[in-house]
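K.L.:
Provide a 3D model corresponding to the input given below.
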Amino acid sequence: MKEQNKNEPNEFQSMRTNAEKPLGEQKCAVRRQELMVILGNVGILSFGIALGLPTVTLRQFTDPKEAIHLTIQQDSWFASLNLLSSPMGGLLCALLLDRFGRKRTLYSLNVLAITAWMLMALSIQFSTETAYLMIMMSRFVIGLSNGMSGAPVGVYAAEISMPKIRGRLILGTSIAVASGITLIYLLGFFIRHDWQLIALICSGYQIVSLLCVIPMPETPSWLISKGRIAEAKASMNYFRGLEKSALITNTEVEVEFNILKNSIQLDVGGQNPSFFRSLKLPEVYKPLLILITFLAFQQATGVLVIIVYAVQISTEAGVTIDPVLCAVLIGVTRVLSILPMGIILEKLGRRRSGIISAIGMCCCMFLLAAQSWCEWLNKVPLLPVITLVGFIMLSTLGLYTLPFFMISELFPQQVRGPASGITVAVGLFLSFVCIKTYPFMKEAIGNKYCFVVYGVMAFLATIFVYLFLPETRGRTLLEIEEDFRRK
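P.N.:
As a prediction, this is how the structure comes out:
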């Protein structure tokens, strides 16, 4: 907010100076923004649940004594198939976000998630071959839903909020994913031998999350882009703490609305170029390249590998406590680490947080690998637990959260939907590659060298963040777009 006056007319600057707070930062408006973002994120927990599911079910699925058990090859597909279909979900999201809106996209991903969990819950009723097919279909469909989960709520939060609170609202998606991972770990801790019951619980939860989308208003930005000006004004009034009316009577809100409308160029009948033509613009291709590269480094550091194979890695790393309990600790650590991230990102900024995160992750992976060579490290109590939990905590500070966080900030309005969807799709495809290849990578070079590779990639990520990641703290979306256009 401190730098917003660069792009605002003098009358808006004077209002900001004279008023205690802009309407969008006052209690009523902030409560409304927070509540709607929370409702949207209820359904995003399924992303984390799907990621963590293999951790709590693979021990049962790979037991030859069970009616339905998986081979090593089938095991790797069960763990990674959702990540193979997730990029398709990201591309589907790119189409839906701009064509049908943020709210309808949330409806769609919840319906897909309900379908996926029901397929898994009912599979036990059929023959082994049919059950296996249904389980894999479930993982494929939940992957589509996961791919659609990466952008909608973050984009929604960015478009309804003021810069001062935008960070903590966008962060809600990361909190939801981490909470989903922790939830499935807890279910696995208490329900260790009934994956069908776990799937039924997830089905019921997803129905509740679908109902949570109903009260969410569409964002003013999307409504303006579709020429639905009266609805856009009503939405803007609502998110600024005023009566939900199609007529704007507050001068401050009217000025903000006009700035937004002008930026989308509908007031003069301007037509935005297609997405592929927009790729020639520096404000589009620069953030696209930066975020895709950032996501590549994120996955190459093994962030999702630790999540998906938490129990197995904990066991092989020498963790002496219950490995499922260790997974729960990892999940709880991630949630607790994310909660203060809104404050941390506003205090430290995006780049500094990313650098600290990457350096810390590098140290944790090298330390985990070094215990295989240094006998004295093996004498350190609970060292594997400390390093794994530390890795999760430090990844949450930057590399795990920042790429998806900044997707909602860096892209201009006219391409925010498709650009966000494509970026998420590429990131999820890379995550599929990492998850699918980890078992074979482990067999080929051993876990300790896998940790070395992850540590090296975290070090390279540090260099990338320092050189290329832009700082967006306290800047409006229009200022960020203008910076890419100029520099």
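K.L.:
For Asp98, grab the count of nearby residues.
P.N.:
When neighbours are counted by other C-beta atoms under 10 Å, Asp98 registers 25. Yep, even glycine has a C-beta here, placed from its N, CA and C like the rest.
K.L.:
Give me the pLDDT for it.
P.N.:
Residue-level confidence at Asp98 comes out at 84, pLDDT.
K.L.:
measure Lys233 to Glu218 for me?
P.N.:
Shown here: Lys233 relative to Glu218, a distance of 12 Å by C-beta to C-beta, to the nearest Å.
K.L.:
Ala158 against Leu477, yeah?
P.N.:
Yes - Ala158 is in contact with Leu477 according to C-beta atoms under 8 Å; the separation is 6.6 Å.
K.L.:
Quickly list what's touching both of these two.
P.N.:
Counting by C-beta atoms under 8 Å, 6 or more residues apart in numbering, the shared contacts of Ala158 and Leu477 are Glu409.
K.L.:
what are the ranges of the helices in the stretch 201-350 of the chain?
P.N.:
Counting by DSSP state H, counting those that start in this stretch, the stretch 201-350 of the chain has helices at residues 220-225, 229-239, 251-264, 275-278, 282-300, 303-308, 310-316, 323-338, 341-348, 350-370.
K.L.:
Quick one: closest of those to Ile191.
P.N.:
Across those, Ile191 has its closest neighbour in helix 323-338 (10.7 Å, C-beta to C-beta).
K.L.:
Show me what counts as buried in the closest one.
P.N.:
For helix 323-338, burial by neighbour count (16 or more other C-beta atoms under 10 Å) applies to 323-324, 326-335, 337-338.
K.L.:
Show me what it packs onto, helices and strands only.
P.N.:
Using 3 or more C-beta pairs under 8 Å, 6 or more residues apart in numbering; DSSP states H and E as the contact criterion, the secondary-structure elements in contact with helix 323-338 are helix 45-61, helix 172-190, helix 310-316, helix 383-397.
K.L.:
between it and helix 341-348, how many degrees?
P.N.:
An angle of 50 degrees separates the directions of helix 323-338 and helix 341-348 when computed by axes from the mean of the first three to the mean of the last three C-alpha atoms, to 10 degrees.
K.L.:
residue ranges with poor pLDDT in the protein?
P.N.:
Across the chain, the ranges flagged by pLDDT under 70 are 1-20, 58, 62-63, 265-274, 310-311, 314, 317-321, 378, 381, 487.
K.L.:
Go ahead and name everything in contact with stretch 221-228.
P.N.:
Taking C-beta under 8 Å, 6+ apart as the rule, stretch 221-228 contacts 98, 101-102, 159, 229, 231-232, 235, 260-261, 264, 266, 272, 413-414.
K.L.:
swap in stretch 400-409?
P.N.:
Stretch 400-409 is contacted by residues 150-151, 154-155, 157-158, 166-167, 170-171, 173-174, 291, 294-295, 298, 303, 334, 338, 341, 345, 350, 353-354, 357, 416, 420, 423-424, 427, 469, 472, 477, 480 when judged by C-beta under 8 Å, 6+ apart.
K.L.:
now do 7 Å
P.N.:
Under the contact criterion C-beta atoms under 7 Å, 6 or more residues apart in numbering, stretch 400-409 has outside partners 150-151, 154-155, 157-158, 170-171, 173-174, 291, 294-295, 298, 303, 338, 341, 350, 353-354, 420, 423-424, 427, 472, 477, 480.
K.L.:
ok so, going back, mind putting the helices and strands packed on helix 323-338 in CSV, distance to Gln74 and mean neighbour count included?
P.N.:
Formatted as CSV, the entries for the helices and strands packed on helix 323-338 read as follows, by distance: least, C-beta to C-beta, whole Å; neighbours: other C-beta atoms under 10 Å:
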stretch, distance to Gln74, mean neighbour count
helix 45-61, 8, 25
helix 172-190, 19, 23
helix 310-316, 16, 22
helix 383-397, 26, 22
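K.L.:
Quick one: the helices in the stretch 351-487 of the chain, in order.
P.N.:
Taking DSSP H, counting those that start in this stretch, the helices of the stretch 351-487 of the chain run over residues 375-378, 383-397, 402-410, 416-445, 447-468, 477-486.
K.L.:
Out of the ones you listed, the one nearest Arg139 is which?
P.N.:
Using C-beta to C-beta as the measure, helix 416-445 is the one of the helices of the stretch 351-487 of the chain that comes nearest Arg139, at 11.4 Å.
K.L.:
Tell me which residues of that closest one come out buried.
P.N.:
Going by neighbour count (16+ other C-beta under 10 Å), the buried part of helix 416-445 is 416-436, 438-439, 441-442.
K.L.:
So what angle separates the directions of it and helix 477-486?
P.N.:
Here helix 416-445 runs at an angle of 70 degrees relative to helix 477-486 (the same axes, to 10 degrees).
K.L.:
Helix 416-445 - contacts with which helices or strands?
P.N.:
Contacts defined by 3 or more C-beta pairs under 7 Å, 6 or more residues apart in numbering; DSSP states H and E place helix 416-445 against helix 72-100, helix 128-149, helix 282-300, helix 303-308, helix 402-410.
K.L.:
rewinding a little: for Met36, which of the helices and strands packed on helix 323-338 is the nearest?
P.N.:
The stretch from the helices and strands packed on helix 323-338 with the least distance to Met36 (C-beta to C-beta) is helix 172-190; that distance is 10.1 Å.
K.L.:
Now do the closest one: which elements does it pack against?
P.N.:
Packing contacts for helix 172-190, counted by 3+ C-beta pairs under 7 Å, 6+ apart, involve helix 27-42, helix 45-61, helix 152-160, helix 323-338, helix 402-410.
K.L.:
got the ones you listed as JSON lines, with distance to Asn447 columns?
P.N.:
Conversion of the helices and strands packed on helix 172-190 to JSON lines gives the following (distance: least, C-beta to C-beta, whole Å):
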{"stretch": "helix 27-42", "distance to Asn447": "34"}
{"stretch": "helix 45-61", "distance to Asn447": "16"}
{"stretch": "helix 152-160", "distance to Asn447": "34"}
{"stretch": "helix 323-338", "distance to Asn447": "14"}
{"stretch": "helix 402-410", "distance to Asn447": "26"}
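K.L.:
I'd like to know which of those is closest to Pro287.
P.N.:
Closest to Pro287 of these is helix 402-410 (C-beta to C-beta; 3.6 Å).
K.L.:
got the CA positions of the closest one in CSV?
P.N.:
Once side chains and other backbone atoms are set aside, the C-alpha atoms of helix 402-410 remain, and they are given as CSV (Å, rounded to 0.1, in the frame of the first residue of the first chain):
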residue,chain,number,x,y,z
LEU,A,402,6.4,-19.1,-2.7
PRO,A,403,5.9,-20.4,-6.3
PHE,A,404,2.1,-21.0,-5.9
PHE,A,405,1.9,-17.9,-3.7
MET,A,406,3.5,-15.7,-6.5
ILE,A,407,1.4,-17.2,-9.3
SER,A,408,-1.5,-15.1,-8.0
GLU,A,409,0.7,-11.9,-8.0
LEU,A,410,2.9,-11.9,-11.1
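K.L.:
Taking helix 341-348 as reference, get the angle to that helix.
P.N.:
Between the axes of helix 402-410 and helix 341-348, defined by the same axes, to 10 degrees, the angle is 70 degrees.
K.L.:
coming back round to it: mind checking which of the helices and strands packed on helix 323-338 is nearest Val255?
P.N.:
Nearest of the helices and strands packed on helix 323-338 to Val255, taken as C-beta to C-beta: helix 172-190 at 27.8 Å.
K.L.:
which residues sit against that closest one?
P.N.:
Judged by C-beta under 7 Å, 6+ apart, the contacts made with helix 172-190 from elsewhere in the structure are 37-38, 41, 44-49, 51-53, 55-56, 153-154, 157, 198, 201, 307, 324-325, 327-328, 331-332, 334-335, 338-339, 401, 404-405.
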